[in-house]
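Enquirer: make a model of this:
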Amino acid sequence: MKYSKSEAKDYAREHMRGIWAAGLTPFRDDLSIDEEGFRSNIRHWVGDLGIEGLFISGKQGEFFSMSVAERKRTFDIAVEETADAGATIMSCSDQNMDVVLDLAHHAQNIGADYIVVHAPILHFASDQDELLRQYYKHISDSVDIGIALWSHPDSGYLMSPELCTELADLPNVVAIKYSVPRDMYADLTARASDKLLVSTASEEEWLDNILDLGWQLYLCSSPPYLLQTANDRRMHDYTQAAFAGEVDKAKEIWRSLEPVRQALKSTRPGGKPQSHQKYWQELLGQVGGRVRQPMLELTEQEKAATRAAFEACGLGTNSAAAE
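Expert: Numbering: from 1, shown residues only. Alright, predicted model coming up:
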């Protein structure tokens, strides 16, 4: 590791910055992991797009359909390919604590930068806060690597700002992906920003969160490599302008991406997020590939609608990108 457990918070404060993206995992036609495709995507993301960190094998990456060995393999590949060019945060989320800790120790041993652990689904629980205190304390006690919390409606509940503030006192809890309404993440930022990097996955809210809440970290989803090309890095550009205090410039660049955002959102079938994003990747020249069950593939009609929207949205050809 690049830091000790007691240094985790300070290290994250210094190094966990900018745009981090959640990687999709490409599967071949036989549904095996396309390792070469995954490597190619990572090199593009950190090299051509300047993405500062990668979130590996999370929900976007279909961890729920992968074996523990496959998840570890994606960790290995990401560490190898990012090297000194980018950072990694490995998703160790699982309902089984032994799996969480097995993945966490593997991430720590291979030199990953951080791990992220989703709040678990809690069956029959009415006093969830005490369960979560003990859950995250056990993980913190078991590893030295920096830990990001993750609260999302998928768990069936949301962790409160008050609870997250308590959990931020754990020595190696460094960040949270807080997929909640804005009033909740603004509340947590006010309470705990001195000891916890707060972020959410919404690209549309990212600029306001830099300007209004002083955020330094986008953690994370797929827009950083779906809204950008090597020659059109508008998300990167508005982020850097905002960090530099160039507010008007940042807002102008942010607004110019609206046709791309709408093209993505308007063509995405509700039950097919990964397959839609993988097809968009292919239109961008990245490696998309298949999805595994229970996820569903796009129909030819859905692909045609997505392709038409992609071709009309101006991604890679917008004049603002060349300025």
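Enquirer: was I right to think Leu103 contacts Glu70?
Expert: No. Applying CB atoms under 8 Å as the test, Leu103 and Glu70 come out as separate, 11.1 Å apart. Every residue, glycine included, has its C-beta placed from N, CA and C.
Enquirer: between those two, which one's more packed in?
Expert: Per other CB atoms under 10 Å, whichever of Leu103 and Glu70 has more neighbours is Leu103, with 24 against 16.
Enquirer: let me see the contact set for the more buried one.
Expert: Taking CB atoms under 8 Å, 6 or more residues apart in numbering as the criterion, Leu103 is in contact with 68, 71-72, 75, 90, 92, 94, 115.
Enquirer: do you know how far the spatially most central residue of the chain is from Ser91?
Expert: Taking CA atoms, centre = their mean, the centroid of the chain lies closest to Cys220, which sits 2.8 Å from it. From Cys220 across to Ser91, the span is 11 Å (CB to CB, to the nearest Å).
Enquirer: and the closest residue in space to Ala312 that isn't next to it in sequence, which of the three is it?
Expert: Taking CB to CB, 6 or more residues apart in numbering, and ignoring the residues beside it in sequence, Ala312 has Ala263 as its nearest neighbour in space, at 6.9 Å. Classification of Ala263 by DSSP: H, G, I helix; E, B strand; the rest coil places it in helix.
Enquirer: do Leu54 as well
Expert: Applying three-state DSSP: Leu54 is strand.
Enquirer: quick check: it touching Val46?
Expert: Yes. Contact criterion CB under 8 Å: Leu54 and Val46 qualify, at 7.1 Å.
Enquirer: and for those two, which residues touch both?
Expert: Common contacts of Leu54 and Val46 (CB under 8 Å, 6+ apart): 82, 86.
Enquirer: on that earlier part again, between Cys220 and Ser91, which contacts overlap?
Expert: Shared contacts of Cys220 and Ser91, counting by CB under 8 Å, 6+ apart, come down to Phe55.
Enquirer: my guess is Gly314 meets Glu258, correct?
Expert: No. Gly314 is not in contact with Glu258 according to CB under 8 Å; the separation is 10.2 Å.
Enquirer: and the two? Which one has more around it.
Expert: Legend: neighbour count by other CB under 10 Å for Gly314 and Glu258, higher for Gly314 (17 against 11).
Enquirer: please report how far the more buried one lies from Arg233.
Expert: With distances taken as CB to CB, Gly314 is found 14 Å from Arg233.
Enquirer: try Ala69
Expert: 35 Å.
Enquirer: related to what we said a few turns ago, tell me the contacts of the residue nearest to Ala312?
Expert: With CB under 8 Å, 6+ apart, Ala263 has these contacts: 309-310, 312-313, 315.
Enquirer: one more pass at 7 Å, please.
Expert: Ala263 sits next to 309-310, 312-313 when contact means CB atoms under 7 Å, 6 or more residues apart in numbering.
Enquirer: can you pull the contacts of the residue nearest to Leu298 when sequence neighbours are not counted?
Expert: Nearest non-adjacent residue to Leu298, counting by CB to CB, 6+ apart: Ser275, 5.0 Å away. The contact partners of Ser275, taken as CB under 7 Å, 6+ apart, are 291, 295-298.
Enquirer: now do 10 Å
Expert: Residues in contact with Ser275, defined by CB atoms under 10 Å, 6 or more residues apart in numbering, are 24, 268-269, 288-291, 295-299, 302-303.
Enquirer: in stretch 261-273, what's buried?
Expert: 261, 263-264, 267-268, 272-273 (16 or more other CB atoms under 10 Å).
Enquirer: quick check: Asp144 is in a strand.
Expert: No. Under the criterion used here (three-state DSSP), Asp144 is coil, not part of a strand.
Enquirer: ok, it touching Tyr3?
Expert: Yes. Counting by CB atoms under 10 Å, Tyr3 is a contact partner of Asp144 at 8.6 Å.
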